[in-house]
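1. sharing a sequence plus its predicted fold:
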Amino acid sequence: GFGDILVRGVAEMVLNAEEKTRVAALLESVTCGKLVESQNPITIPADASIEAACEILASNGILSALVDSPDGNGYAGVFSYRSLLHYFLKQYPAGEGAPPSLASFDLRSALMKATPDVKASDFCRERNRDFHLVRPEQPLKDAVALFGTGIHRCSVVGSDNTVHGVLSQSLALRFLAVHLNEVKEVVSKPISSFETLGAKAAIVIEDRRNVIEGMELMHKYKLSSIAVVDGAGKLSGNLSLSDIKYIFRTRSYQMLWYTVLSFVKLLREKMSLEQNAGMDTFPFFDITRDKSLSLAIQKIVATRVHHLWLVDSSGKPTGVISITDVMRCLTQF
């Protein structure tokens, strides 16, 4: 489309022919299969209920999984936490307040009530969810080209329909982060030199609002992350779809009605204790336009997020950089 031509034009003004060749060579140096070889792929049976599909995601600590096709030939689509969010908000709209008894609140019965007869494969058909496959022997370059269009993950599936794993934007970026030195001419440029980086406005939520209101914003705008701001509009944190995983994995459903401030603080403290024993600092999610693309990539990888918030000198978010944006900058071959 015309928008794509504009995006390509901007990127081409930034990367010269030699830089493009270096990036392409790096992304052709590894296959999709190689990057997922240590994974233990999980699939969801076609006849699984929505409740059972959610349980499979939660118990395996994953955000999405392929759903088997009812006829046993290939796959019907992908079931993800975004799917769960769709049903949950149908049952408990954000504006209606918490269920009367949070202590006995049970997501299982809530989901059974919302989706009594819906199977995982029906859900894929209803929602017409696209899912994207790459072959194990395809170079990473092919997957990165998909990621540059906004696709967050693709399944690595052999010609015999065996699932090798899921290749995500994050996994591709982690590979890139390890090899930054090989494309240093590109990634040492400041963010401001890539006009498409940070061009999108940040969607924000005030930290005094409830977590479920943040989820509704993510659902409404089809986002995986929103910026959290304090009363003065300054960036104070980040709320993402991945954070929801914690709520459902630990069955701490009452947290949906916590303020965003309380929830983010609690979650970061828990992460700090589990992953960074002895550290008293939390990950931060902001960057300014004068910093390099290399630093942006390293921050995204280190903080395990999908977005960085661009802030002005007063700390207010002015835009957002997603992994999709980074991939798009690197795929103008």
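-> Arrived safely, thanks for sending.
2. strands along the stretch 51-200 of the chain, start to end?
-> 64-68, 75-80, 133-134, 153-157, 163-168 (DSSP state E, counting those that start in this stretch).
3. any idea how far apart the tips of stretch 23-38 sit?
-> End-to-end distance for stretch 23-38, by Cα to Cα, to the nearest Å: 25 Å.
4. residue contacts, Asp286?
-> Asp286 makes contacts with 235, 308-311, 315, 317, as judged by Cβ atoms under 8 Å, 6 or more residues apart in numbering. Yep, even glycine has a C-beta here, placed from its N, CA and C like the rest.
5. can you name the next helix or strand after the helix or strand of the chain with the lowest mean pLDDT?
-> Least confident helix or strand, the chain: helix 2-14 with a mean of 42, by mean pLDDT, DSSP states H and E. Using DSSP states H and E, the next helix or strand after helix 2-14 towards the C-terminus is helix 17-27.
6. give the buried residues for that next one.
-> 19-20, 22-24, 26-27 (16 or more other Cβ atoms under 10 Å).
7. also stretch 142-154?
-> Residues of stretch 142-154 classed as buried: 143-148, 151-154 (neighbour count, 16+ other Cβ under 10 Å).
8. can I have it written out in CSV, keeping just the CAs?
-> Taking C-alpha atoms only, stretch 142-154 is exported to CSV below (Å, rounded to 0.1, in the frame of the first residue of the first chain):
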residue,chain,number,x,y,z
ASP,A,142,11.8,-14.5,6.3
ALA,A,143,10.3,-14.4,9.8
VAL,A,144,11.6,-10.8,10.4
ALA,A,145,9.9,-9.7,7.2
LEU,A,146,6.6,-11.0,8.7
PHE,A,147,7.3,-9.3,12.0
GLY,A,148,7.8,-6.0,10.3
THR,A,149,4.2,-6.1,9.2
GLY,A,150,2.9,-6.3,12.8
ILE,A,151,2.8,-10.1,13.2
HIS,A,152,4.0,-10.9,16.7
ARG,A,153,4.8,-14.6,16.4
CYS,A,154,4.8,-17.4,13.9
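9. that one - what's its average pLDDT?
-> Across stretch 142-154, pLDDT averages out at 91.
10. same check, this time on stretch 291-298
-> Regarding stretch 291-298, the rounded mean pLDDT is 94.
11. what ranges in the stretch 1-150 of the chain fall below the confidence cut-off?
-> For the stretch 1-150 of the chain, the stretches with pLDDT under 70 are 1-14, 83-84, 87, 91, 94-116, 125-130.
12. tell me which of the contacts of Asp286 is nearest to Leu57?
-> Leu308 (25.9 Å; Cβ to Cβ).
13. what is the burial count for the closest one?
-> 29 (other Cβ atoms under 10 Å).
14. ok, Leu217 next?
-> 16.
15. start at 487, not 1
-> That works, and once the first residue is 487, the last one we named lands at Leu703.
16. and it, that's in a helix?
-> Yes. In this structure, Leu703 lies within a helix as judged by DSSP: H, G, I helix; E, B strand; the rest coil.
17. quick check: it vs His793, distance?
-> Noted for Leu703: a distance of 14 Å to His793, by Cβ to Cβ, to the nearest Å.
18. do Leu513 as well
-> 22 Å.
19. likewise for Leu662?
-> 16 Å.
20. the residue nearest to Ser800 when sequence neighbours are not counted: what's it in contact with?
-> Using Cβ to Cβ, 6 or more residues apart in numbering and skipping residues adjacent in sequence, the residue nearest Ser800 is Lys720, 6.8 Å away. Counting by Cβ under 8 Å, 6+ apart, Lys720 touches 800-802.
21. show me which of those is closest to Ala685.
-> Lys802 (16.9 Å).
22. give me the pLDDT for the closest one.
-> So, for Lys802, pLDDT stands at 94.
23. what do you get for Val750?
-> We have a pLDDT of 86 for Val750.
24. SS state for it?
-> Going by three-state DSSP: Val750 is helix.
25. that one and Met741, how far apart?
-> Look at Val750 and Met741: by Cβ to Cβ, they are 11 Å apart.
26. now do Gly519
-> Taking Cβ to Cβ, one finds Gly519 at 38 Å from Met741.
27. of these two, which one has the most company?
-> When neighbours are counted by other Cβ under 10 Å, Met741 comes out ahead of the other of Gly519 and Met741, with 20 against 17.
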